[in-house]
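A.B. asks: got a predicted structure here, sequence first:
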Number of protein chains: 2
Amino acid sequence: MGKALTKNQTLVLDTLSKADGPLSAYSILDDLRDEGMQAPPQVYRALEKLLKTGLIHRLESLNAYIACRDPDCVSHPVTGFAICETCGDVSEFAGEKISKQLKDWEDDNGFLVEKTTIELRGICRPCKG
Amino acid sequence: MGKALTKNQTLVLDTLSKADGPLSAYSILDDLRDEGMQAPPQVYRALEKLLKTGLIHRLESLNAYIACRDPDCVSHPVTGFAICETCGDVSEFAGEKISKQLKDWEDDNGFLVEKTTIELRGICRPCKG
DNA sequence: ATAGCGAGCGTTATATTGTAACGCAATAAC
DNA sequence: GTTATTGCGTTACAATATAACGCTCGCTAT
Ligand SMILES: [Zn+2]
Ligand SMILES: [Zn+2]
Ligand SMILES: [Zn+2]
Ligand SMILES: [Zn+2]
């Protein structure tokens, strides 16, 4: 049983869920000034918890955060992100096959993976026209 | 023909080449105070050039930089990194097969990739014991 | 019940990472 | 030679993230 979220955690998750793209920690903070968020640690602590429970993801190449939109995310071995440089849109994808290739490398090299980051930067189909 | 590197670019590359792990921009700066590096822009400009020419890589999940140690790096479709959380060691690997899986996804989704980030965080074989 | 524990909170201050913008110097192109 | 380009050195600043403190609340072992 995952515990219920606290007020701050809910505020941050709601902000990310309503956004149509990734948000920086500080833009989340700005959005929530009126609901009682006053300082970075409050946002970062909420983000940390939400990351741990898998409700949101961090995009390392953007220093930004996004709500998970894949209901089956936790059941996938690895998750990748395709980030459009033009419109900012982010697509989350499940790397089922990629995961196998990575596992091969890990096994060959005796590396025990705790977290995998896969991020593609480029141009999405709509933006290519 | 790649142009010759400037003095600052050479200093930064040498620092990264001699290091036995990734370095932050500011630790490079500290290392080079005595050789004339005085302020962040000098380091960041050198890093930018070295990244563009493929002589170094940026580790997004670490906000750090590392000299490329794969002589064939440019000929590989994608490069991945395995980062040990315990000893800080970084292994660069060529993702030949992974690249094919990614390309499938890109083709299926009409996504034009410009840069691919693959970073594994975990425990390396020596550290597992 | 109550004392202790753990998680989260609100706050202040600070650390770390990265850029904008300026004028100048060296170099390459014409 | 004149003119673009590229990089340099500098100041100032923006953006991202964390340390540390004391407090409250809910749980739980005694
Ligand atoms: Zn997800
Ligand atoms: Zn797009
Ligand atoms: Zn390389
Ligand atoms: Zn290790």
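C.D. replies: That came through fine. Numbers count the residues shown, from 1 in each chain, chains lettered A, B, ... in the order given. Ligands and ions are numbered 1, 2, ... in the order given.
A.B. asks: who's the residue most central in space within chain A bridged to?
C.D. replies: The residue lying closest to the centre of chain A (CA atoms, centre = their mean) is residue A:57, at 1.5 Å. Residue A:57 has the following beta-bridge partners by DSSP bridges: residue A:66.
A.B. asks: so what's it up against?
C.D. replies: Residue A:57 is in contact with A:51, A:65, A:66, A:68, A:79, A:81, A:92, counting by CB atoms under 8 Å, 6 or more residues apart in numbering or on different chains. C-beta here means a position set from N, CA and C on the backbone, and glycine is covered the same way.
A.B. asks: also near DNA strand C: which of those, exactly?
C.D. replies: The subset of the contacts of residue A:57 within reach of DNA strand C, by CB under 7 Å from any atom of the strand, is empty.
A.B. asks: check the residue of chain A positioned farthest from its centre and give its pLDDT.
C.D. replies: Most distant residue from the mean C-alpha position of chain A: residue A:108, 28.8 Å away (CA atoms, centre = their mean). Note on residue A:108: pLDDT of 95.
A.B. asks: packing partners of the lengthiest strand in chain A?
C.D. replies: Scanning chain A for the strand with the most residues, using DSSP state E, yields strand A:112-123. Packing partners of strand A:112-123 (3 or more CB pairs under 8 Å, 6 or more residues apart in numbering or on different chains; DSSP states H and E): strand A:79-84, helix A:96-109, helix B:96-109, strand B:112-123.
A.B. asks: how close does residue A:31 get to ligand 4?
C.D. replies: Shown here: residue A:31 relative to ligand 4, a distance of 40 Å by CB to the ion, to the nearest Å.
A.B. asks: picking that back up, what's in contact with the longest strand of chain A?
C.D. replies: Under CB under 8 Å, 6+ apart, the answer for strand A:112-123 is A:59-61, A:78-86, A:95, A:98, A:102, A:106, B:60-61, B:82, B:85, B:102, B:106, B:111-123, B:128.
A.B. asks: C-terminal to it, what's the next element?
C.D. replies: helix A:125-128 (DSSP states H and E).
A.B. asks: isn't residue A:62 right up against residue A:83?
C.D. replies: Yes - the pair residue A:62 and residue A:83 qualifies as a contact (CB atoms under 8 Å) at a distance of 6.8 Å.
A.B. asks: overlap in contacts, those two.
C.D. replies: residue A:22.
A.B. asks: more neighbours: the two, which one.
C.D. replies: More crowded of residue A:62 and residue A:83, by other CB atoms under 10 Å in any protein chain shown: residue A:83, with 24 against 19.
A.B. asks: distance check, the more buried one against residue A:94.
C.D. replies: As judged by CB to CB, to the nearest Å, residue A:83 and residue A:94 stand 16 Å apart.
A.B. asks: how does chain A divide up, domain by domain?
C.D. replies: Annotated domains of chain A cover A:7-67, A:73-128 [automatic domain parsing].
A.B. asks: which one of those lies nearest to ligand 1?
C.D. replies: Of all these, domain A:73-128 sits nearest to ligand 1, with 3.1 Å by CB to the ion.
A.B. asks: any part of the closest one near ligand 1?
C.D. replies: Yes - judged by CB under 5 Å from the ion, domain A:73-128 and ligand 1 are in contact via residue A:73.
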